[in-house]
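Participant: How does the following fold in three dimensions:
(2 chains)
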Amino acid sequence: MNGFKRIAMLCLWAMATSFKASAAFGPMKGMALVPKGEFTLPFPKDTAQARMKVEAFYLDKHQVTQTGFRAFVLANPDRARSRMKAIFADGTYLVDWKDDSTPPPRTGNTPVTHVSWFAAKAYCASLGKRLPTTAEWESAARALPPGIDSAGMDSSILEWYARPAGGRMPPMDSGSVNGNGIRDLFGLVWEWTSDFDAFGPAGSDRPGGADAAFCGAGGAGGAGTAKQVGYAANMRWALRMSLRPEYSTGSLGFRCASDTEGKGNVR
Amino acid sequence: MRLALFAFWILIMALSALSARGSDALPPSPRGPVPKPLPRPPSSALLKPLPDSSLYQLHSRWVTDDGKAMTLSDLRGQVRVISMFFTGCGNLCPMLIGQLQSLDRAMPVGLKDKVGFVLVTLDSKQDTSGILRAYRKKAGLSADHWTLLRGSADDTRELSALLGVRYTPKTDDGQMGHTGLIAILDGEGRKVSQVSAITDQKAFLAELSRAVSSGP
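Facilitator: Modelled structure (predicted):
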């Protein structure tokens, strides 16, 4: 009997271990804690007026993939390409999908792009999460990968920014893991933030499509600072300014954030 | 014995579930919970579907200053003059709201009955229903003609994106930069006109009359 008991205990231990292992795939395991900090907005130049606290929050370790977005579209058919309203996405929304529910072949594990801000926001909400604010995203991105200083990081980011778009999208996890345990913040696609449009010009009608906006971003990025450190961040601000929420371009993806690790929180 | 067999069976089930997961051809994404259907605005068989360009297609929920929950589609059926503001705003908002009040006074009776004003706060954290109620009282905004709304931070950002209002996050000193916007929505929630401020009241009144007479 003792032997059976021992086997039973062993089995129970194995069960506990396997449940622990399965928790590795569990709900919020894919999120990393970003500790609280302070963020200084690049505008106005008087930084005394532009400081803001960033509370601790959780950010997805990975960008949302084509497969993940497909699950969202299946659960919310009014967000499928053929049914998406024009005010929520431009004509390039999921333009690379074969049909309403089929991402391009062999791209399941790559970041979804051609998604508008409205669609990205809705995706996160459908999981009880939200998009990160720009201050949160930038705070998360500040934690450098081990062994890399900020100048080194900036030059590798700038090298990526300078690379022409096109070619095959690398799968997620191709980029480095940063100090917060977050992957691919740089190297695959640009990312939507909840308040990407906070600092743009007042005018709502700007000529040029999304591609023109990206070209503009490069030029405008140079206006910020002569120093190379911070230059990449300025380019991101310039890019965000050039975006409009309905843009669904091929270079822009997203990941979700949450105030709590467990349940998420839509603010 | 029975306990051992039961535990062994559970172990086999757990391991097979795990290995099934491992051998799945699809990548392990979405990581975690599966996306859920989002709430949709209540639809009535009596109402026509909203036009594609209607802002009232937003699914978000809002609360009035008297604590009543609503969706934007509840604003349907009447021409609305809409603006975004916050009660702690020192310069731009009082000016814009002053212009709207002046417009309210200048509207002929026939037009007044067919137009409602909607003010949506940009500072949903600070501007609770109670604070909005106090603001209404202080500014003298009539209950039948003015709707004051508060939503979540994300939903406020979404509405502002559609309207074309830009605003910065609040900095530690309580400042929040934003652009001014006054828009006219027709009865179906389509933006038919917008200005950054009412500099020509007559022209704006003419726009309003046009929106009212063209009907939904």
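Participant: ranges for the strands of chain A?
Facilitator: Counting by DSSP state E, chain A has strands at residues A:31-34, A:37-40, A:51-54, A:57-60, A:190-191, A:252-253, A:257-258.
Participant: Out of those strands, which is closest to chain B?
Facilitator: Set against chain B and scored by CB to the nearest CB, those come closest in strand A:51-54, at 4.9 Å. C-betas here are computed from N, CA, C, even on glycine.
Participant: For the closest one, the averaged confidence score.
Facilitator: Taken as a whole, strand A:51-54 has a mean pLDDT of 84.
Participant: Could you pull out the buried residues of it?
Facilitator: By neighbour count on 16 or more other CB atoms under 10 Å in any protein chain shown, the buried set for strand A:51-54 is A:Met52, A:Val54.
Participant: what packs against it?
Facilitator: The contact analysis (3 or more CB pairs under 8 Å, 6 or more residues apart in numbering or on different chains; DSSP states H and E) places strand A:51-54 against strand A:37-40, helix A:134-141.
Participant: count of neighbours near the closest residue to A:Met153 other than its chain neighbours?
Facilitator: Of all residues not flanking A:Met153 in the chain, A:Leu144 sits nearest, at 5.3 Å (CB to CB, 6 or more residues apart in numbering or on different chains). As a burial measure, A:Leu144 scores 16 neighbours (other CB atoms under 10 Å in any protein chain shown).
Participant: wait, what's in contact with A:Leu144?
Facilitator: A:Ser150, A:Met153, A:Asn178, A:Gly179 (CB atoms under 8 Å, 6 or more residues apart in numbering or on different chains).
Participant: Nearest to the spatial middle of chain B, which residue is it?
Facilitator: By CA atoms, centre = their mean, the mean C-alpha position of chain B lies nearest to B:Leu159, the distance being 4.7 Å.
Participant: Isn't that one up against B:Gln57?
Facilitator: No. In this structure B:Leu159 lies outside contact range of B:Gln57 using CB atoms under 8 Å: 11.5 Å.
Participant: Please, which helix or strand holds B:Trp62?
Facilitator: Per DSSP states H and E: B:Trp62 is located in strand B:61-64.
Participant: who touches that strand?
Facilitator: Against strand B:61-64 from outside (CB under 8 Å, 6+ apart): B:39, B:69-72, B:120, B:129, B:147-151, B:155.
Participant: Show me which pair in the residues you listed is furthest apart.
Facilitator: Farthest-apart pair in these is B:Pro39 and B:Leu148; separation 22.7 Å (CB to CB).
Participant: how close does the residue nearest to A:Met153 get to chain B?
Facilitator: Note on A:Leu144: its distance to chain B, by CB to the nearest CB, to the nearest Å, is 24 Å.
Participant: got it, and A:Gln63?
Facilitator: In this view, A:Gln63 and chain B are 10 Å apart by CB to the nearest CB.
Participant: thinking again about what came up before, the contacts of strand B:61-64 in helices, which ones?
Facilitator: Judged by DSSP state H, those include B:Ser129, B:Asp155 as members of helices.
Participant: about what we covered before: buried subset of the contacts of A:Leu144, written for ChimeraX?
Facilitator: Applying 16+ other CB under 10 Å to these, the buried members can be selected in ChimeraX as follows:
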select /A:153,178
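Participant: now the strands of chain A as CSV including distance to B:Gly177?
Facilitator: Output for the strands of chain A, formatted as CSV (distance: least, CB to CB, whole Å):
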stretch, distance to B:Gly177
strand A:31-34, 25
strand A:37-40, 15
strand A:51-54, 12
strand A:57-60, 23
strand A:190-191, 23
strand A:252-253, 25
strand A:257-258, 23
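Participant: where does chain B have low pLDDT?
Facilitator: Applying pLDDT under 70 to chain B flags residues B:1-32, B:41-46, B:216.
Participant: let me redo that: the stretch 1-150 of chain A
Facilitator: Flagging of the stretch 1-150 of chain A using pLDDT under 70 yields the residue ranges A:1-29, A:42-50.
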